[in-house]
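Novice: turn this into a model:
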Amino acid sequence: MIRLLQKRYLIPVVASAFLYVGVSFKDDFFEIAKQLEIFTTLFKELNTNYVDETNPGELMDSAIKGMLASLDPYTVYFNEQDVLRFKINNTGEYTGIGALITQKSGKLILREVYKNFPADKAGFKAGDEIIQIGDVSLSDFKEDASQLLKGAKNTKIDIKYLRQGKTNTTQITLDEVEIKSVPFFAKIDDKTGYIVLSRFNKKASNETKEALLELKKQGATQIVLDLRNNPGGLLGEAINICNLFVPKNEVIVTTKSINEKHNNTYKTAAEPIDLDIPLVIIVNDKSASASEIVSGALQDLDRAVVIGSRSFGKGLVQKPIDLTYNTQLKVTISRYFTPSGRCIQAMDYAHKENGVAVRTKETNYNSFKTRKGRTVYDGGGILPDVQLEESKTSVIANALLKNDAIFNYATVYYYKNPNLGNQIPNFTTADFQDFKQYLKNQKISFDTETEEALKNTLAIAKKESLDGTIINEYKQLLAVVQKSEADQLDNHQEEIKNLILEEIIKRYQYQEGFYQYYMKTNSEIKKAVTILNDSTTYKNILKI
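Specialist: Got it, this is the predicted structure:
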């Protein structure tokens, strides 16, 4: 299975974990035993003799992280809580409050509230900051606080939270929550069906199939499949989704590894739903892993026109391996290859410069041929058949998303305009100027890579007592960088206005209202429909 997840925490019995991984990949058992003995002896002596009191769990946590950090970011260790979260992501079902929550800078923030689930029924809104769960104050709570919001169905939990600077209290009742892989589907027009596939959990192919059949029943004769911002998930579900559109026994993906048992060829196993319905797939730079298998395979088989911007470029396959004490190792076992023979992995984790993986250069991409003889390339994600500049996220927009400036402004806007209901706000140029003033008043830093690098340079200079000689030049250069960032705000005004408006609409109309708006206004979706409506263009792209 293919999944981007976070890593952390400690392992109670590390020897068995090390042995499991080692035996899986190496035949030199003596060398493995030797290194384990060295490590065990070192760990024992360090904890026995160190000048201050040590925490064995934290030391082991650091050791594991250090070892895995030398590999790739997808090979990670899960403690018991992580394993539970991993299962939730794959099944799409859990008992909780029904909200997207992030823990950032010591704050537990509700990012999105799902309609008719416990958080919504309790009156929570996006932007609320939870400060106490039951008797646990989160001010000094260092663990994953969202786990305190999970439990048995009908469990009642008292919660204290901040909203616009005011402290509120409420009680929430836990219930079963289902995370849909297909959060939305509908007809764009009389003949065009639109399906949003946001993740690849174990229900992804069934939900996509149901959406496809329902749209066909409603009269859809062409389909837009939206894979933007889909980080991936289960490999089998990606194959099953391809199977909706291609024949049985079609090769979708092969996996290759130095360990022969991980070399596999995966074919479709069922009869398709529709071999002929015209299909356009939309991807962007956040479409990864299983999303790239679907878009890449259907592109290689000349079964779909892919539009948007180059995808993320994750061509590595992971497998979860159960360890002792209900812990787990998710380890990269192979690379995957699309039907034409492409591996679209963008980062080379085997060869690092200054500890950082090297991105494959475009000049080093290899060319391959689709079934109809079209040229496609490996090495850097799926390159769409039709590239759309507007599908790319600008540097300044990424910075505003990363530092939550857009999210926080949408929260302020919502409480200034509480009665919009189902109306679509008219976010004007004057509103954009208000947004810019908000950034200034809140002293929000854009934290672009350039600005971060400059600030880090000054920090290093201070450590080396060199800052006095460069401080004036630093201030001048920082001012130039920040002026350039401010200019980029205006240069990308329409993109940023759209991002703000999309976030605002979610506050009033939940996901469904957002997708209804998005389906009618988004330029990439409009381009997809244009291609589908022009059968000559569609066939010329695919050479059919």
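Novice: which strand residues bridge Val136?
Specialist: As for beta bridges, Val136 partners with Ile133 under DSSP bridges.
Novice: you'd agree it is up against Leu148?
Specialist: Yes. Here Val136 reaches Leu148: they are 6.1 Å apart, a contact under C-beta atoms under 8 Å. Where C-beta positions appear, they are placed from N, C-alpha and C, glycine not excepted.
Novice: neighbour count winner among the two?
Specialist: Of the pair Val136 and Leu148, Leu148 is the one with more neighbours under other C-beta atoms under 10 Å, namely 18 against 12.
Novice: for the stretch 1-150 of the chain, just list every one of the strands.
Specialist: Applying DSSP state E, counting those that start in this stretch to the stretch 1-150 of the chain gives strands spanning 76-78, 93-96, 99-104, 107-113, 129-133, 136-137.
Novice: so how far is the shortest one off the chain centroid?
Specialist: By that I understand strand 136-137. Put simply, strand 136-137 sits 29 Å off its chain's centre (C-alpha atoms, centre = their mean, to the nearest Å).
Novice: what does the first one give?
Specialist: With C-alpha atoms, centre = their mean as the basis, strand 76-78 stands 17 Å off its chain's centre.
Novice: need the longest helix for the protein.
Specialist: helix 493-521 (DSSP state H).
Novice: mind checking what helix or strand follows that one in sequence?
Specialist: Going down the chain from helix 493-521, the next helix or strand is helix 523-533, by DSSP states H and E.
Novice: quick check: angle from that following helix to helix 493-521?
Specialist: With axes from the mean of the first three to the mean of the last three C-alpha atoms, to 10 degrees defining the directions, helix 523-533 sits at 40 degrees from helix 493-521.
Novice: gap between helix 523-533 and the chain center?
Specialist: Distance of helix 523-533 from its chain centroid, counting by C-alpha atoms, centre = their mean, is 25 Å.
Novice: show me the contact partners of that helix.
Specialist: 188-189, 192, 194, 222, 224, 226, 228, 278, 280, 282, 305, 307-308, 386, 388, 390-391, 518-519, 537-538, 541 (C-beta atoms under 8 Å, 6 or more residues apart in numbering).
Novice: list the buried ones in that helix?
Specialist: Buried residues in helix 523-533, counting neighbours by 16 or more other C-beta atoms under 10 Å, are found at 524-525, 527-529, 531-532.
Novice: give me the mean pLDDT for that helix.
Specialist: Computed over helix 523-533, the mean pLDDT rounds to 98.
Novice: helix or strand right after it?
Specialist: Using DSSP H and E, the next helix or strand after helix 523-533 towards the C-terminus is helix 535-542.
Novice: now do the same contact list for Gly380.
Specialist: By C-beta under 8 Å, 6+ apart, Gly380 lies in contact with 310, 313, 344, 346, 359-360, 362, 365.
Novice: nearest spatial neighbour of Asn326, skipping sequence neighbours?
Specialist: Take Asn326 and drop its neighbours on the chain: the residue closest to it by C-beta to C-beta, 6 or more residues apart in numbering is Glu80, 4.6 Å away.
Novice: and for the one you found, the neighbour number?
Specialist: Neighbour tally, Glu80, other C-beta under 10 Å: 12.
Novice: residue contacts, it?
Specialist: 325-327.
Novice: next one: Tyr518
Specialist: Taking C-beta under 8 Å, 6+ apart as the test, what Tyr518 contacts is 502, 525.
Novice: what of Gln509?
Specialist: Gln509 touches 422, 516-517, counting by C-beta under 8 Å, 6+ apart.
Novice: apply 10 Å and report the result again.
Specialist: Going by C-beta atoms under 10 Å, 6 or more residues apart in numbering, Gln509 touches 115, 420-424, 515-517.
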